[in-house]
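Q: okay, predicted coordinates and the sequence, questions at the end:
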Amino acid sequence: MTNRLAACLCAAGLALFAALVYLHALGQTPIALHGDEVQFAMQSYSIATTGRDLNGHSMPFFFAIADPLIKNNHTIVWFQPMLFYLQAVALKVLPLSEAAIRAPTVVIGVIDVVLLFAVGRYVFPRMWQAALAAALLAISPAHVIFSRVAMDYICPLPFVLGWLLCLASYFRQRREWLLVAAGLLLGAGFFSYIAAWVMMPLYVAVTCIALWWTSDRRVRAILLVCGGFAVPLFAGWVWSNPVMIHDTLLRYKIIGAPRDPLFGGQGGIGVEVLTRASVYWDYFNPSYLFLSGGSRLVDSTRRAGVLLAPMAVFLVVGVVDLWRRRDVVFNRILLAGLLLAPVAAAMLDERYRSDRELVLLPFGVLISVFGVSRLWTRHGVARLAVLALCLASAIQFAFFYRDYLTDYRVRSEVWFDPYDFRKISQYVVSTDAEQRVPAVYLSPLIDYAGYRWKFYLQQRDRNDLFERTQYLPANADLSGVVPGSLLVFASQDPALDTVLKTGRCTVAATVLNEVGSKAAVVLRVAG
C-alpha cells in the first residue's frame with residue numbers, strides 16, 4: 001500500500017469517526033435550541049425559501065438580528081454571514097428541524113479533523129503522529145460541543161487550519177501561490193465569526209513576520225499574503241451595510257461615550273490595560289483548560305475542560321520542545337498561535353468563554369503531539385507514560401461523551417431554552433386545532449421569544465398562528481386583549497401574578513421542564 005493511499009484511508013477513517021461522534025442524537029442533544037440557534041435558523045430558512053432575510057433584504061452580506069414580532073425593529077446586533085448561507089443550503093434539502101440546522105457545524109467539525117490530519121502530514125515525520133493530532137482534536141470536549149450546536153463559533157477553524165496547511169506546504173515547497181491561498185483563506189475567514197475580526201489580521205501579521213525571517217524575496221512574499229487577504233475584505237465591505245461596522249463596534253463597547261472607562265473615565269486606561277491582561281492570562285488557567293471548561297453550560301459540561309486532562313502533560317512538554325527548537329519557523333508560528341488565542345476574548349473583558357477562543361484548539365493539539373513525539377523518543381518509562389496518558393484520554397472522552405448525551409442534556413436545558421418553547425408551541429397549536437385562538441400574547445421579558453416562537457410554528461407549518469401573535473402590552477394592560485386569547489409568561493415573570501389578580505385570566509397550562517420545575521405558564525383570557 002502506497003503512503004498516499006494509506007493517508008487517504010486514514011483520513012477517511014478519522015472523518016467517519018468524527019461524523020459518528022458529532023451526528024449521534026444531534027436533534028436531541030443539546031436538549032433544546034439556544035436563542036442564537038433559532039436566530040440563525042429563522043434567518044437561514046427565510047433565505048432558503050425566499051432569497052431574503054426576515055427584514056426583507058435580498059441576500060444580505062451581514063444579517064441584522066431584529067425581532068420578527070416587531071415591525072421596523074432597529075437593532076445594533078449584526079451576525080457574520082457564513083453560517084446563515086451554509087444553513088440555507090442545508091434547509092434547501094432538509095426539512096426544518098433541530099438536526100437540520102445543526103448539520104452544517106457537524107460538517108465543519110469533520111472538515112477540521114481532516115484538515116488537521118493534512119497539516120500533521122507536513123509537520124510530523126510519521127503518519128501516526130498526524131492521525132493522533134486529528135483524533136485528539138476530534139475528541140476534544142470543546143470541539144465536540146461546538147460541532148453540535150447551530151452557532152458560528154466553530155466557523156473560523158477551517159480557515160485557520162487551511163492557512164496553517166498552506167504555510168506548512170510553502171515552507172517545504174516555496175510555491176508562491178500557497179502564500180496567496182493563505183491570505184485568501186484568512187480574508188474569507190474574517191467573515192466567519194466576530195472574533196475573526198481580531199484574530200485573522202493577527203495571523204496575517206504572524207505570517208508576515210515569519211516570511212521576513214525566512215523568505216529570500218521578503219517584500220514580494222509579504223505582498224502576496226496581504227494581497228490575498230485584501231481581496232475577500234474588499235468584496236465583503238462593498239457588499240456590506242455601512243451602518244453595520246458602527247453598530248458592531250458600539251455593541252462590543254469598542255466605541256462609546258467619552259466617559260466610558262475604555263476611554264479614560266472612572267479608572268483610566270491603565271486600569272483597563274491591567275484588567276485585560278488579567279483576563280488574558282486567565283485563559284491559560286489549567287483548571288479552565290483541562291478540568292472545567294467554559295463558564296457557561298452552553299460552552300462546557302463543566303465536568304471536562306476545553307482539552308482532555310491528560311493533554312496537559314503533552315502540551316507542557318510540547319511547548320518546551322518547540323521553544324528549544326524555535327529556529328524552525330513553523331514552530332514559532334504554532335507557539336504564536338497558542339499565545340494569541342485569547343486576544344479577542346480578552347479585548348471584551350470576558351473570562352473563560354471558550355467559544356471566543358476556539359482557535360486555541362488546533363495550536364494546542366499540534367503542540368501536544370510534539371510533546372508526545374518528544375516523550376516517545378526517550379523509550380522506557382517515557383513511552384509507557386505516553387501510552388498510559390493516551391489511554392486515559394480515551395477513557396475520559398468516553399465518560400465525557402456519555403455524560404454529554406445523558407445528564408448534561410437535562411442540566412443544561414435552562415441555558416438553552418429555560419421556557420421550553422417546544423412544549424409551549426405544542427400546547428397552543430393543539431388548543432388552536434380544537435377551537436381557534438383569537439390571538440397569542442408573549443411576555444416581552446422572554447428572551448428570544450419572537451425567534452423561538454417562529455421556529456416551532458414554522459416547523460409545524462403554522463405561520464397563520466404566528467400572524468396572530470404579538471407581545472403583551474406594557475404594564476400587562478389587558479384592556480385591548482380579545483377574550484379567548486392565550487398569554488405566555490415565563491414562570492418567574494413578575495407580571496404573572498399581576499395579571500392573575502385582575503381576575504380576567506385563568507391558568508390554561510403549566511409547562512414543566514425535564515426536571516419537573518415550572519418553565520412557563522399559559523393563561524387564557526376569560527370571555
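A: Received the coordinates, thanks. Numbering: from 1, shown residues only.
Q: okay, which residue is most central for this structure?
A: Centroid-nearest residue in the chain: Tyr153, 2.2 Å away (criterion: C-alpha atoms, centre = their mean).
Q: wait, a helix at it?
A: Yes: per DSSP: H, G, I helix; E, B strand; the rest coil, Tyr153 lies within a helix segment.
Q: hmm, it is touching Ala196, no?
A: No: in this structure Tyr153 lies outside contact range of Ala196 using C-beta atoms under 8 Å: 10.5 Å. Just so you know, the C-beta spots here come from the backbone N, C-alpha and C atoms, and that holds for glycine as well.
Q: so where's this structure uncertain?
A: For the chain, residues meeting the criterion pLDDT under 70 lie at 1, 255-275.
Q: domain assignment for it?
A: Taking automatic domain parsing as the domain assignment, the ranges for the chain are 3-32+97-244+268-410, 417-525.
Q: single out the most deeply packed of those.
A: Most buried of those, by mean neighbour count (mean count of other C-beta atoms under 10 Å): domain 3-32+97-244+268-410, with a mean of 19.
Q: can you show me the strands along the protein?
A: Secondary structure of the chain (DSSP state E): strands at 63-64, 78-79, 440-442, 469-471, 486-490, 505-512, 518-525.
Q: helices or strands up against the first one?
A: Using 3 or more C-beta pairs under 8 Å, 6 or more residues apart in numbering; DSSP states H and E, the elements in contact with strand 63-64 are strand 78-79.
Q: now the strands of the chain in TSV, please, with extra columns for distance to Asp53.
A: TSV is the format used below for the strands of the chain (distance: least, C-beta to C-beta, whole Å):
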stretch	distance to Asp53
strand 63-64	6
strand 78-79	10
strand 440-442	22
strand 469-471	20
strand 486-490	26
strand 505-512	30
strand 518-525	28
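Q: so which of those strands comes closest to Ala344?
A: The closest of the strands of the chain to Ala344 is strand 78-79. By C-beta to C-beta, the value is 15.9 Å.
Q: which non-adjacent residue is nearest the residue nearest to the centre of the chain?
A: Excluding the flanking residues, the one nearest Tyr153 by C-beta to C-beta, 6 or more residues apart in numbering is Asp355, at 4.1 Å.
Q: Ile108 too?
A: Ile108 sits nearest to Ile154 (C-beta to C-beta, 6+ apart), 5.4 Å away.
Q: quick one: contacts for the one you found?
A: By C-beta atoms under 8 Å, 6 or more residues apart in numbering, the contact list for Ile154 reads Thr105, Ile108, Gly109, Asp112, His143, Phe146, Ser147, Leu358.
Q: I'd like those as JSON lines, with distance to Leu96 appended.
A: Shown next, in JSON lines, are the contacts of Ile154 (distance: C-beta to C-beta, whole Å):
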{"residue": "Thr105", "distance to Leu96": "16"}
{"residue": "Ile108", "distance to Leu96": "20"}
{"residue": "Gly109", "distance to Leu96": "21"}
{"residue": "Asp112", "distance to Leu96": "26"}
{"residue": "His143", "distance to Leu96": "26"}
{"residue": "Phe146", "distance to Leu96": "22"}
{"residue": "Ser147", "distance to Leu96": "20"}
{"residue": "Leu358", "distance to Leu96": "27"}
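Q: which one of those residues sits closest to Gln492?
A: Looking across the contacts of Ile154 and measuring by C-beta to C-beta, the closest to Gln492 is Phe146, at 29.3 Å.
Q: please verify my assumption that that closest one contacts Glu357.
A: No: the pair formed by Phe146 and Glu357 falls short of the contact definition of C-beta under 8 Å, at 11.3 Å.
Q: need the helices for the stretch 201-350 of the chain, in chain order.
A: Ranges of helices in the stretch 201-350 of the chain, per DSSP state H, counting those that start in this stretch, are 218-239, 242-251, 268-282, 286-287, 311-324, 329-340, 343-347.
Q: among these, which is nearest Ser169?
A: Ranking those by distance to Ser169, with C-beta to C-beta as the measure, places helix 329-340 first at 10.5 Å.
Q: next up, the contacts around the residue nearest to Tyr153.
A: Shown in contact with Asp355 (C-beta under 8 Å, 6+ apart): Phe146, Met151, Tyr153, Gly294, Val298, Asp299.
Q: reformat those residues as JSON lines; add distance to Phe489.
A: Below are these laid out as JSON lines (distance: C-beta to C-beta, whole Å):
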{"residue": "Phe146", "distance to Phe489": "32"}
{"residue": "Met151", "distance to Phe489": "27"}
{"residue": "Tyr153", "distance to Phe489": "31"}
{"residue": "Gly294", "distance to Phe489": "30"}
{"residue": "Val298", "distance to Phe489": "24"}
{"residue": "Asp299", "distance to Phe489": "28"}
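Q: of those, which pair is most distant in space?
A: Pairwise over those, using C-beta to C-beta, the maximum falls at Met151 and Gly294, 12.7 Å.
Q: what residues are up against the nearest residue to Val437 once chain neighbours are set aside?
A: Ranked by C-beta to C-beta, 6+ apart and with sequence neighbours excluded, the top spatial neighbour of Val437 is Leu486, at 5.5 Å. Residues in contact with Leu486 (C-beta under 8 Å, 6+ apart) are Val428, Thr431, Val437, Ala439, Val440, Tyr441, Ala508, Val522, Leu523, Arg524, Val525.
Q: report the beta-bridge partners for Leu486.
A: Beta-bridge partners for Leu486, by DSSP bridges, are Val440, Arg524.
Q: from Ser278, how far off is Asn55?
A: Using C-beta to C-beta, to the nearest Å, one obtains 40 Å as the distance from Asn55 to Ser278.
Q: how long is stretch 235-247 end to end?
A: Using C-alpha to C-alpha, to the nearest Å, the end-to-end distance of stretch 235-247 comes to 20 Å.
Q: now tell me what touches it from outside.
A: Taking C-beta under 8 Å, 6+ apart as the rule, stretch 235-247 contacts Pro60, Phe61, Phe62, Ala64, Thr75, Ile76, Val77, Trp78, Phe190, Phe191, Ile255.
Q: do that again at 10 Å, thanks
A: Contacts with stretch 235-247, where a contact means C-beta atoms under 10 Å, 6 or more residues apart in numbering, come from 57, 59-64, 74-81, 187-188, 190-191, 197, 255.
Q: make a ChimeraX selection of the buried ones in the residues you listed.
A: Entered in ChimeraX, the line below selects the buried ones among the contacts of stretch 235-247, by 16 or more other C-beta atoms under 10 Å:
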select :57,60,61,62,63,64,78,79,80,81,187,188,190,191,197
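Q: just the contacts of Leu486 now: which is nearest Ala11?
A: Val428 (48.0 Å).
Q: which residues are in contact with that closest one?
A: 421, 437, 440, 453, 456-457, 462, 465, 469, 486, 488, 508-509, 522.
Q: run the last query once more with 7 Å
A: Contact analysis of Val428 by C-beta atoms under 7 Å, 6 or more residues apart in numbering lists Val437, Val440, Leu486.
Q: my read: the residue nearest to the centre of the chain touches Leu358, true?
A: Yes: the pair Tyr153 / Leu358 is scored as a contact, 5.6 Å apart, by C-beta atoms under 7 Å.
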